[in-house]
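S.K.: below are the sequence and a predicted model; questions follow.
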Amino acid sequence: MPGNPQRTNPNKSDNAEQSVPAPFPLDPSLEVNLQVLSHRIGQSSDIVVRRFTNESLSSLELAFIYIDGLVNADVVNQGVLQPLLETVQLKSEFISATDAFQMIKTQILPIGGVKEGNTLEALLPMLFDGYTLILLEGLQVGMAADTSGWEKRSINEPTSQGVIRGPKEGFTESLRTGTSMLRRRLKTPDLRIEEYKIGQRTQTGVALVYLEGIASEQVLKEIRRRLNAINTDSILESNYIEEFIQDGGLTPFPTIQNTERPDAMAGGILEGQVGIIIDGTPFALLAPSTFFNFFQSSEDYYQRYDISSFLRLIRYSAFFVSMLLPALYIAVTTFHQEMLPTTLLISLAAQREGVPLPALAEALLMELTFDVLREAGVRMPRTIGPAISIVGALVLGQAAVQAGLVSAAMVIVVSFTAISNFVIPSLAIANSIRLIRFVMMFIAATLGLFGIMSFLMVLLIHMAGLRSFGVPYLSPVAPMVPRYLKDIFIRVPLWDMTMRPKTILGEETRRQGEHQQPKPQGEDPV
Amino acid sequence: MNISKKNLICLLCLPLLSTLLSGCWDDRELSELGITSGSAYDWEDNQWKATYQVINPSSGASSTGGTGGGSTSSPPFVTFTVKGKTIMEAVEKTNLTSTRQMFFSHSRITVLGESLARQGVNQLIDMFLRKQDARETVYVFIAKGEAGDILDQLMQLTKNQGAGIQLMIEQESRLVSYYPGIRMFELAMALSSESGSAILPEILLTGREVMDETQETGRTDLKTRLALGRLGVLKGEKLVGWLSQKQAFGLSFMTDKIKTATIVFPSKPESGDKPDASFVLQKSRTTVHPKWENDHYVIDIHIKGSGVLSELGSVMDLNERASITEMEQALEQQVLELVDNSWKEVRKLGADVTGFAIKIHRSDRKRFKQIRKDKNWDRVFQEIEIRPHVSMKIERTGLSNKSFKSVHEK
């Protein structure tokens, strides 16, 4: 494909095997070819087959096949039909089919991407990619011209990962748009984009994006191996890929990040991660990812380091609050009343006085109600949206307390937990602790603080054992590499981040020159 | 790994089962707890008579809460009085009358009746040290009559009476320094130390009636209030006598328990003994050095203090160094008198609340061992001679230099 020299197609043997019939080599007869074709793709209404015969002038017979809606009609008309029909040479009686084919390919078509194929199976996928097939009578080879152009969503602001300061564009459903956004950010010949087609029926385009020399070869090898091993009929969203390739299949913790933001992906790629863009979804993947990656937001690097560090600490605290607060409340109020300040205990006791449910049931009731509300808020048509907040705030916040169903403190606990959950920048890890929270609550209700601590230990051991494409999940904290802690719990000033986090990547560790802290030089200008 | 899926599931279920089997056995819902804020112990008819003050959460003892249901007329706490041959028997008996299980972890004070203090407190201390939810950090008080009556008294401004009394003693020891607040573990430590004596502040009712009805706290000036009184002196495990507040103050100087205190003194020798000036002692340090002289111990007590003049009733020019020195000497004289007065009473009681035994043990181990062996500490204690050396410094004289009286008389 001349237009995109970087685009390679290293492999697709695995999933092509299961295509239904044996490959059909093109027949010299155009009629036969068209019949086989129509047999293969049926009489779908969006498939346009046009035959041109020009008996008076030439024996040349050709057929155009394209799929309406996948092609740009202007390009088909002006780039394919018009030049072909208007070129005088083709109307000559004496031109042979082979010469005509060469002429069309090299001189006539004003289109960048023109491919050849001599079996139907080679040509069909192109048809579905928006190419226009050109078949000539008497030739056993067909041509495909890139006329693709379908309706796309324009580039919008990311809906789930917004920032105050920073680029406002997000990936779209189009793979090519995605790769172009990355190219615009990483103008280096080292940027590699490998493309795969995964899914026997969906033939979804999956692009592996990385920086040669910065991404670890081992990780790349492993990702390629896992991508190639996927044997499924459909890939409709990046989570399909994520679940097929991520480590630790049953862990509640995500080991692959997803992002809607090209800048976040560029940042990850620059640190040695490998990006995976999937056609049909604006959510791209970044791997390998450690636990701490999920607490880094791209905005951390777009505002001053001090406030970024502060916000990052807040996120870690929010993580623990979101996971532990209801459990701690249950544990303390049912087992460890002596730990509370007396005034608080009396106040809690006063609130619990009329509440009919034990603390666990109360907490479960409220947490589940919140999750129901949250889910309803997602599914609800936008016009009814405000109703949810009214119901949520009034019914849960106030009426439940006044009716004596739950205590006011529990409402505070649940709402603080819920709000904390939204502080975490990555929805993936926020969702994982949503579930852990419930386990924690049950354990707190049976074993108290002792149980909470034990379960935290279990979680910690589990996380320490996790790997994301060979990278320890808790690195660089466990195993501890103090040098690489500069961007984990706090973010140091950019000029101090001279090295890339070695835990993830291959050879090239230096990011920038040293000693770049701005200092006045010579005399003051004023 | 060679664990089959079935085994793995079993393996995962085991810890789950163990939590269900072993958990929950000691859970207590908040509504089942009787949060005890104070306890009082008396000795009556050769039995323990225990009084427990249980907080009534729905009275809004701390906040309004959300559930409502609490009426303002219900008392902030209720008291249970029970008798038993042992303390725990008495505690268990409360369950016969109360809907809630006694929960002692938030207990703030313990009041000992005089009857019990004369009987001995060892068993009580043992219970506090042994029982899991009893806290050794409770403040211990002594009451002249029935200790249980103290707990019935309602308080203004603080609804939780136990916590209120704790605040009182904490503020007293911080601002007035007549005596320090004594916690249960401090009592235990003092009684088990070489000196074998301890002090306990007295808590008393200022009037005869006990204000135990919620309507009565509606008045601005309660007829009866709780107040801190004298200082009880325990020797061995028994109450042997009392020190007045002044004597207690002197004791505080001897034992280095002064944090902030106000000393009144005569500003001029001419004004005689009538105190007409106040001094806020902000820093005070006492060092005690015992030494053996011929046949008895001499204790050097160095008291060094500094502070601010806060009140002056005589004509005086404070720009003169001499007048400051004069006042400092008067102050030192006051402290000396306090200490001497206190020491006389302590010696009379024969209880080493000054902690001299500890000092002597530390500085002169051999002789102290001998004294112990001969069991004549009491005699040695009686022969102790103290030599207090006081140095007081007025660091600042407040915001004005001349006394107002001198301005006025001009």
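M.R.: Happy to help now that I have it.
S.K.: make it CA atoms for all contacts and neighbour counts henceforth
M.R.: Will do.
S.K.: and the strands in chain B, which stretches?
M.R.: Listed in chain order, the strands of chain B (DSSP state E) span B:33-44, B:47-55, B:77-84, B:101-103, B:109-113, B:139-143, B:197-205, B:226-235, B:238-243, B:261-265, B:277-293, B:296-312, B:385-396.
S.K.: could the ones you listed be laid out in CSV, adding mean neighbour count, mean pLDDT and distance to B:S252?
M.R.: Below are these laid out as CSV (neighbours: other Cα atoms under 10 Å in any protein chain shown; pLDDT from 0 to 100; distance: least, Cα to Cα, whole Å):
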stretch, mean neighbour count, mean pLDDT, distance to B:S252
strand B:33-44, 24, 91, 26
strand B:47-55, 25, 92, 31
strand B:77-84, 20, 90, 34
strand B:101-103, 19, 88, 35
strand B:109-113, 27, 93, 22
strand B:139-143, 28, 94, 17
strand B:197-205, 25, 93, 11
strand B:226-235, 22, 92, 11
strand B:238-243, 20, 92, 12
strand B:261-265, 20, 91, 10
strand B:277-293, 18, 92, 9
strand B:296-312, 19, 92, 11
strand B:385-396, 18, 92, 13
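S.K.: least confident secondary structure element in chain B?
M.R.: Scoring the helices and strands of chain B by mean pLDDT, DSSP states H and E places helix B:5-22 at the bottom, with a mean of 78.
S.K.: in that one, what's buried?
M.R.: For helix B:5-22, burial by neighbour count (16 or more other Cα atoms under 10 Å in any protein chain shown) applies to B:T19, B:L20.
S.K.: name the surrounding residues that touch it.
M.R.: When contacts are defined by Cα atoms under 8 Å, 6 or more residues apart in numbering or on different chains, helix B:5-22 is touched by residues A:I443, A:T446, A:L447.
S.K.: could you name the helices and strands sitting against the longest helix along chain A?
M.R.: Scanning chain A for the helix with the most residues, using DSSP state H, yields helix A:427-465. Where contact means 3 or more Cα pairs under 8 Å, 6 or more residues apart in numbering or on different chains; DSSP states H and E, helix A:427-465 is packed against helix A:305-334, helix A:359-379, helix A:408-423, helix B:5-22.
S.K.: okay, buried residues for whatever helix or strand comes next after the longest one please.
M.R.: Spelled out, that is helix A:305-334. Using DSSP states H and E, the helix or strand that directly follows helix A:305-334 along the chain is helix A:342-352. Buried positions in helix A:342-352, judged by neighbour count with 16+ other Cα under 10 Å: A:T342, A:T343, A:L345, A:I346, A:S347, A:L348, A:A349, A:A350, A:Q351, A:R352.
S.K.: could you do stretch A:385-395 as well?
M.R.: Neighbour counts using 16+ other Cα under 10 Å place A:G392 of stretch A:385-395 among the buried residues.
S.K.: so how far is it from its chain's centroid?
M.R.: On the basis of Cα atoms, centre = their mean, to the nearest Å, stretch A:385-395 sits 32 Å off its chain's mean C-alpha point.
S.K.: one more: stretch A:121-132?
M.R.: In terms of Cα atoms, centre = their mean, the centre of stretch A:121-132 is found 26 Å from the chain centre.
S.K.: now do stretch A:212-219
M.R.: In terms of Cα atoms, centre = their mean, the centre of stretch A:212-219 is set 20 Å apart from its chain centre.
S.K.: try stretch A:193-209
M.R.: For stretch A:193-209, the distance to the chain centre is 13 Å (Cα atoms, centre = their mean).
S.K.: for that stretch, what is the average pLDDT?
M.R.: Stretch A:193-209 carries an average pLDDT of 92.
S.K.: kindly report the same for stretch A:127-134.
M.R.: The pLDDT scores in stretch A:127-134 average 88.
S.K.: got a list of contacts for that stretch?
M.R.: Stretch A:127-134 has contacts (Cα under 8 Å, 6+ apart) with A:62-67, A:70-71, A:76, A:123, A:126, A:142-149.
S.K.: of the residues you listed, which belong to helices?
M.R.: With helices defined by DSSP H, the entries of the contacts of stretch A:127-134 inside them are A:L123, A:M126.
S.K.: columns neighbour count on top of the contacts of helix B:5-22, output as JSON lines?
M.R.: Compiled in JSON lines, the contacts of helix B:5-22 are given as follows (neighbours: other Cα atoms under 10 Å in any protein chain shown):
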{"residue": "A:I443", "neighbour count": "26"}
{"residue": "A:T446", "neighbour count": "26"}
{"residue": "A:L447", "neighbour count": "24"}
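S.K.: restricting to C-alpha, output stretch B:310-320 in CSV.
M.R.: Taking C-alpha atoms only, stretch B:310-320 is exported to CSV below (Å, rounded to 0.1, in the frame of the first residue of the first chain):
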residue,chain,number,x,y,z
SER,B,310,-1.0,40.1,86.8
GLU,B,311,-2.4,42.3,89.6
LEU,B,312,-1.0,45.0,91.8
GLY,B,313,-2.8,46.9,94.5
SER,B,314,-0.1,49.1,96.0
VAL,B,315,1.8,52.2,95.0
MET,B,316,4.9,51.1,93.2
ASP,B,317,7.2,52.1,90.4
LEU,B,318,7.9,49.0,88.5
ASN,B,319,10.7,50.7,86.5
GLU,B,320,12.8,50.3,89.6
